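In: Take a look and give me a structure for this.
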Amino acid sequence: MIDHGWLASPPPPTCQSPDAESAQPPAEPPNPEIPVPITNNAMADYAFLAELYEDDYFPDHVVDKGKAVLIRLCERLEADRPADLDALYALTQAAAEEFNALEPEFEAAGSEIETVAREEICGDVYNIAVAYGFANADHERLTHLRNW
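Out: Numbering: from 1, shown residues only. The predicted model follows:
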């Protein structure tokens, strides 16, 4: 086959704006694994699980893990605000499941998530919902996946 040169097409021209060389790459979406500082005034200094820390029945090292669950919930709400109650419930129910996973640690330390703990956890989750603008959230739906 003879190459006449006219069969091969030249590569298409590239279009660049005058400042293409100085353009920044697009910003990446927030990574939910990287903590976001809590900027909500009501939650920044909030005493999460305060009643559990005051009661020796609840081991501080496990309560610390529960506090971390609630702080992560706040971080998630700040990083990507839920559009509606259903989106909020998805986040709070995921937090409830994290508390479910802590139950064996409470039991191993001679404790459990019982009435006092349940009321404190659910109260804090509701206070978080209110602080982030969801005062009409249903108390039960916020943590309905709990096993405690």
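In: Show me the longest helix that occurs in this structure.
Out: helix 85-108 (DSSP state H).
In: Can you tell me the centre-most residue of this structure?
Out: Most central in the chain under CA atoms, centre = their mean is residue 76, positioned 2.8 Å from the mean C-alpha point.
In: contact partners of the helix or strand containing that one?
Out: Per DSSP states H and E, residue 76 falls inside helix 60-79. For helix 60-79, the surrounding residues in contact (CB atoms under 8 Å, 6 or more residues apart in numbering) are 30, 32, 35-36, 38-40, 43, 48-49, 52-53, 88, 91-92, 95, 98-99, 102, 105-106, 109, 111, 121, 124-125, 128, 132. No exception for glycine: its C-beta is placed from N, CA and C like everyone else's.
In: Next, the angle from it to helix 85-108.
Out: Using axes from the mean of the first three to the mean of the last three CA atoms, to 10 degrees, one finds that helix 60-79 and helix 85-108 are set 170 degrees apart in direction.
In: Quick check: buried residues in helix 60-79?
Out: For helix 60-79, burial by neighbour count (16 or more other CB atoms under 10 Å) applies to 62-63, 65-67, 69-78.
In: Then stretch 83-103?
Out: Buried residues in stretch 83-103 (16+ other CB under 10 Å): 85, 88-89, 91-93, 95-96, 98-99, 102-103.
In: Understood, closing this out.
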